[in-house]
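Enquirer: The following block contains a protein sequence and its predicted model.
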Amino acid sequence: MTNDSAKRLTEHGSHEDRLELLLFYLGSNQPFGINVLKVKEIIPCPRLTHLPQAHAAVRGVTQLRGHPLTVVDLAQAIGRAPMFPEGCEQGSVIVAEFNRSRQGFLVRRVDRIIVCDWKQVLPPPSGTGLGSYITGVTRVGEPLVQILDVEKIIGEVVDLGEEPTGHALTDEEIARLQGKRVLVVDDSTVARHKTAQTLDQLGVEHVMARDGVEAMAVLKQVMAGEADPIHMVISDIEMPEMDGYTLTREIRKDPNLASLYILLHTSLNGAINTEKAQKAGANDVLTKFVAEDLAHAVARALA
Amino acid sequence: MSQAAEARKDAPGRWVTFQLEDETYGIDVMQVREVLRSEEISPVPGAPPYVLGIINLRGNVVTIIDTRSRFGLPPREVDDASRILILEAADHVIGFLVDSVREVVELRASDIDSAPDTGSGDASRFICGLSNRKEGLLILVDASRMLSDEEMAELATL
C-alpha cells in the first residue's frame, strides 16, 4: 500500500477532519493504530543487519530504496516482550515518515485502514500516567483501538537526550518578542516540552493546552478577561477530541479571535498539510521539530 | 575540483571484511597491519574486561581486545576460524580478536552510506558507514575509534 491510496481516500471524504488509522497487532488481541498520513509503505520484514551497541528495541538496519532504514520492534519499544525472539521474517515493517525522518516499525500483523472522526478519538484515560505510549483511543467495535505515540517512541529509542539547539535570532528580534504570550496546543508531552524550551530561550511566555477543546477553553478565559492576552497560537494537527484544523476554524469563526496568528506545527511531512492548513485559515505551517525554524516562525508571527 | 581530484575522490578504497556473530564488518586496509591466526593469548591480571590479554609479536608485546565484548556481543570460544587483526589505530598497535576474516573488497565513496541512528549514542562512534552488497549490509568501522581516549590511556599503562 502506498500513500496514494490514503490521499485518494482523503479527497473523497466529504469531511476534511477525518482520521484514517492503519490498524496493526503486536502479538495480542489489542489493535493499535497509526495515522495513515505517517505511513509511506508496508513491507514484509527483510533481513535485518544488527549494528553493535544499538538500542535494545532496534531490531536492525536494512537498505530500502537506496537508503538505510532503522527498524524498531514496536512491542519491545513499548515495554512488551520482543515479538520474534527467533527470526522476524513473519512480521511486517511499517515504513513511517514524520518529524523529517523515516523509520521502520516491526509489527506482528497489519490489519486494515479505518476512517473515523477526530471527535471520536478520546485522550488516553487519566491514570495511565506520563509513561503512557498512547495518544488516544477510539472505538471501532470491540475492542478499543489504541493510537500509539510513535513520536515519543522514536524519541526514546533514537533521539535519546537530544535537546533543541540554538535559535539564531538577532538581539533586536529577541527584544521584540519580550512580553508576548503564546498558547501551545499539543497532545504530546515531548512536543510540549521541546516547544516550551525553544520559547523559553526566546523569552516568550507560554500557556499549554493538550487539545483543541482545552485550547478553546483557555481562549474563552482570555476573552472574558480572566487571563492575560494571547498573541499567537502554536498548534499540533493530530489531537484527540479536537484536531488542529478544527481548532483553527473555531478560532476564525469567533470575531474576537479572527485575527489571532495561528501556526500549525505538525509531525506530518508534505505539502498536503500546507494546503489543508491554509484552507482552514492558519497563517503558517511548520514540520516538527527544528528549534531554529520554530524560532524564526515565532519571530515572523510576533514581529 | 579538477577532474583528476574528482576521480581520486571516488577511487575505490580497499576494505578487509571480517565476521562477528551474524554480521560482516569492514575495516580500511590501510589500518590493518597484519592478520594472525589466533595464537596463545596470555591473560593480564587486573586488565579491563575488554582486554583478552597480550601476545608476543616478533619481540613486541601487543594487547589483544575482545572485539565481541567491545561490540556488546555474547562471548564465543576461539576456534580454527578465529583471527587476530593487528590494527594501527591512533599511533597504537592493537590486536582485535574476530570470529573470522573473509576477504578484501573494493568500495567507492559512492558505495558507502552513513549509518542511521540506532539509539546507541557514543557507544557506536566507531561505525563509520554502511555499504549495501548483495550478501547484505557491510558495517564499516574505524579502527582509531574502536577504543575511547580513556581506554587508550588505560591500555598505555598496562
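Expert: That came through fine. Residues are numbered from 1 along each chain as shown, chains lettered A, B, ... in the order given.

Enquirer: Checking whatever residue of chain B ends up closest to chain A next. Helix, strand or coil?
Expert: The nearest approach of chain B to chain A comes at residue B:119, 3.1 Å away (Cβ to the nearest Cβ). (Each C-beta comes from the backbone N, C-alpha and C, glycine too.) Secondary structure state of residue B:119, per DSSP: H, G, I helix; E, B strand; the rest coil, is coil.

Enquirer: Test my guess that it contacts residue A:154.
Expert: No - Residue B:119 lies out of contact with residue A:154 (Cβ atoms under 8 Å); the separation is 9.2 Å.

Enquirer: avg pLDDT for the strand or helix carrying residue B:62?
Expert: For residue B:62, the element it lies in under DSSP states H and E is strand B:60-66. What strand B:60-66 shows for mean pLDDT is 92.

Enquirer: Tell me which helix or strand comes right after it.
Expert: Downstream of strand B:60-66 (by DSSP H and E), the next one is helix B:67-70.

Enquirer: gap between residue A:179 and residue A:203?
Expert: 9 Å (Cβ to Cβ, to the nearest Å).

Enquirer: And the helices in chain B?
Expert: Listed in chain order, the helices of chain B (DSSP state H) span B:3-9, B:67-70, B:149-156.

Enquirer: And the last one, what does it pack against?
Expert: By that I understand helix B:149-156. strand B:92-98 (3 or more Cβ pairs under 8 Å, 6 or more residues apart in numbering or on different chains; DSSP states H and E).

Enquirer: Just the residues contacting the strand it packs on, thanks.
Expert: B:18-20, B:25, B:33, B:36, B:38, B:41, B:52, B:55, B:57, B:60, B:62-68, B:70, B:78, B:82-87, B:143, B:146-147, B:152, B:155-156 (Cβ atoms under 8 Å, 6 or more residues apart in numbering or on different chains).

Enquirer: which parts of chain B sit against chain A?
Expert: Taking Cβ under 8 Å from any Cβ of the partner chain as the contact definition, chain B meets chain A at B:21-23, B:70-73, B:113-121, B:123-124, B:127, B:130, B:132, B:136-137, B:139.

Enquirer: thinking again about what came up before, need the per-residue pLDDT for the residue of chain B closest to chain A.
Expert: Reported pLDDT for residue B:119: 82.

Enquirer: Point out where the stretch 201-303 of chain A drops to low pLDDT.
Expert: Counting by pLDDT under 70, the stretch 201-303 of chain A shows low-confidence ranges at A:270-272.

Enquirer: Nearest to chain B: which residue in it?
Expert: Closest point on the stretch 201-303 of chain A to chain B, by Cβ to the nearest Cβ, is residue A:289, at 14.7 Å.

Enquirer: Check the gap between that residue and residue A:98 for me.
Expert: From residue A:289 over to residue A:98 (counting by Cβ to Cβ), the distance is 10 Å.

Enquirer: Give the residues shared as contacts by these two.
Expert: In terms of Cβ under 8 Å, 6+ apart, residue A:289 and residue A:98 are both contacted by the residues residue A:267.

Enquirer: ok, those two, which is more surrounded?
Expert: Set residue A:289 next to residue A:98 and count neighbours by other Cβ atoms under 10 Å in any protein chain shown: residue A:98 wins out with 24 against 21.

Enquirer: who touches that one in this structure?
Expert: Contact analysis of residue A:98 by Cβ under 8 Å, 6+ apart lists A:38, A:150, A:151, A:267, A:268, A:269, A:288.

Enquirer: next one: phi and psi at it?
Expert: Per-residue torsions, residue A:98: phi -160, psi 170 (degrees, to the nearest 10).

Enquirer: Walking through chain B, point out its strands one by one.
Expert: Secondary structure of chain B, counting by DSSP state E: strands at B:13-20, B:23-28, B:32-37, B:51-57, B:60-66, B:83-89, B:92-98, B:100-107, B:112-113, B:127-133, B:136-141.

Enquirer: Pull the residues that contact stretch B:39-47.
Expert: Stretch B:39-47 has contacts (Cβ under 8 Å, 6+ apart) with B:51, B:52, B:53, B:54, B:55, B:64, B:84, B:97, B:158.

Enquirer: Nearest to chain B: which residue in chain A?
Expert: Among the residues of chain A, residue A:55 lies closest to chain B, at 3.1 Å counting by Cβ to the nearest Cβ.

Enquirer: so that residue makes contact with residue A:155?
Expert: No - if you go by Cβ under 8 Å, residue A:55 and residue A:155 don't touch, sitting 11.7 Å apart.

Enquirer: Low-confidence bits of chain B, can you list those?
Expert: Applying pLDDT under 70 to chain B flags the ranges B:1-9, B:158.

Enquirer: Name the residue closest to the centre of it, please.
Expert: The residue lying closest to the centre of chain B (Cα atoms, centre = their mean) is residue B:143, at 5.1 Å.

Enquirer: Contact partners for that residue?
Expert: So residue B:143 contacts B:27, B:28, B:31, B:32, B:87, B:88, B:89, B:94, B:96, B:126 (Cβ under 8 Å, 6+ apart).

Enquirer: okay if I get those residues as a markdown table plus neighbour count?
Expert: Shown next, in a markdown table, are the contacts of residue B:143 (neighbours: other Cβ atoms under 10 Å in any protein chain shown):
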| residue | neighbour count |
| --- | --- |
| B:27 | 25 |
| B:28 | 18 |
| B:31 | 19 |
| B:32 | 20 |
| B:87 | 24 |
| B:88 | 14 |
| B:89 | 19 |
| B:94 | 22 |
| B:96 | 27 |
| B:126 | 23 |
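
Enquirer: and which of the residues you listed is nearest to residue B:11?
Expert: residue B:28 (13.2 Å; Cβ to Cβ).

Enquirer: ok, the closest one to residue B:73 distance?
Expert: From residue B:28 across to residue B:73, the span is 22 Å (Cβ to Cβ).

Enquirer: Check residue B:134 too.
Expert: Taking Cβ to Cβ, one finds residue B:134 at 24 Å from residue B:73.

Enquirer: Please state the backbone phi and psi of the residue of chain A closest to chain B?
Expert: For residue A:55, the backbone dihedrals (degrees, to the nearest 10) come out as phi -60, psi 150.

Enquirer: Grab the nearest non-local neighbour of it.
Expert: Using Cβ to Cβ, 6 or more residues apart in numbering or on different chains and skipping residues adjacent in sequence, the residue nearest residue A:55 is residue B:119, 3.1 Å away.

Enquirer: Spatially central, which residue of chain A would that be?
Expert: For chain A, residue A:267 is the residue whose C-alpha lies nearest the centre (Cα atoms, centre = their mean; 4.6 Å).

Enquirer: That residue reaches residue A:285, doesn't it?
Expert: No - contact criterion Cβ under 8 Å: residue A:267 and residue A:285 do not qualify, at 11.9 Å.

Enquirer: if we can go back for a sec, redo the contacts of residue A:98 as CSV? Include secondary structure.
Expert: Output for the contacts of residue A:98, formatted as CSV (three-state DSSP):
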residue, secondary structure
A:38, helix
A:150, helix
A:151, helix
A:267, coil
A:268, strand
A:269, coil
A:288, coil
